[in-house]
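# Below are the sequence and a predicted model for it; my questions follow.
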Amino acid sequence: MKKFALAVALLLTPGAASFAQPPSPPPPSDARPAPEWAAAMNAPPGLSREGVKDAIVAAMAKRGWQVVSSNRSEVRGHLLHHKKDANLIFQFDAAHIDILSDSYVVDDAGVRTARIIPNDWIENLQQDIRELAAHMPQK
C-alpha cells in the first residue's frame, strides 16, 4: 500500500516522475523580439481603407522611407538614418491606425545596440498622413 501511495504522489507531483514533459527549449539566440506598440491615431476622416493606405505610403515616401510591403490592412516601412535602423508597421482600417516599431540604434559597424521607438519620426509621419489625406479624394 505504501508503494501505491508513493507512486500516486509521484504522478501528482509536477516534474517528479521521470516521464514528465521536458521543459520547452529556449528560443534561438537569433530570434528577434516581437514589434512593440508605439502609437495610435484616428485614420483621416472621409477616406476608405485604400485611401488610408495611400496616405501612409505617401507620407513614408515624403520622408524617405522604403515601403517594404503593403497589403489591404498593413504597411511596413524601413529607414536607416542617423544611426537608427527603424522598422515601422502600420496596421489600419478606415477608422484607426496602430503603429508598431521594431527599431534599433546601430553602431558604426551597423550592429544593433539598443532597441528604441523613434517617436519623433513617428510623430512626423502622423502629421504627414493627416496633411496628405486632406488633399486626397474622399471615399
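Cool, got the structure.
# Which helix or strand contains residue 87?
Residue 87 is located in strand 84-92, with elements delineated by DSSP states H and E.
# Adjacent strands (with direction) for that strand?
Take DSSP bridges as the rule and strand 84-92 pairs in its sheet with strand 74-81 (antiparallel), strand 96-101 (antiparallel), strand 103-106 (antiparallel).
# What lies in contact with it?
Contacts of strand 84-92 with the rest of the structure, by C-beta atoms under 8 Å, 6 or more residues apart in numbering, involve 35, 38, 43, 49, 52-53, 56, 65, 68, 73-80, 97-106, 110, 112, 116, 118, 121-122, 125. Quick note: C-beta positions are derived from backbone N, CA and C, even for glycine.
# same thing but 7 Å
35, 43, 52-53, 56, 73-79, 97-106, 112, 116, 118, 121-122 (C-beta atoms under 7 Å, 6 or more residues apart in numbering).
# got any ranges where this protein has weak pLDDT?
1-32, 139 (pLDDT under 70).
# residues contacting residue 75?
If a contact means C-beta under 7 Å, 6+ apart, then residue 75 has 53, 56-57, 67, 90 as its contacts.
# Show me how to select, in PyMOL, the buried members of those.
Here is the PyMOL selection string for the buried members of those, based on 16 or more other C-beta atoms under 10 Å:
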select buried, resi 53+56+57+90
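# List just the nearest of the contacts of residue 75 to residue 138.
Nearest to residue 138 out of the contacts of residue 75 is residue 53 (C-beta to C-beta; 15.0 Å).
# tell me the secondary structure for the closest one?
Classification of residue 53 by DSSP: H, G, I helix; E, B strand; the rest coil places it in helix.
# picking that back up, out of the contacts of residue 75, who's nearest residue 133?
Nearest to residue 133 among the contacts of residue 75 is residue 56, at 9.3 Å by C-beta to C-beta.
# where does that closest one land in three-state SS?
helix.
# Does it touch residue 128 like I think?
No: contact criterion C-beta atoms under 7 Å: residue 56 and residue 128 do not qualify, at 9.2 Å.
# I appreciate the help and will end here.
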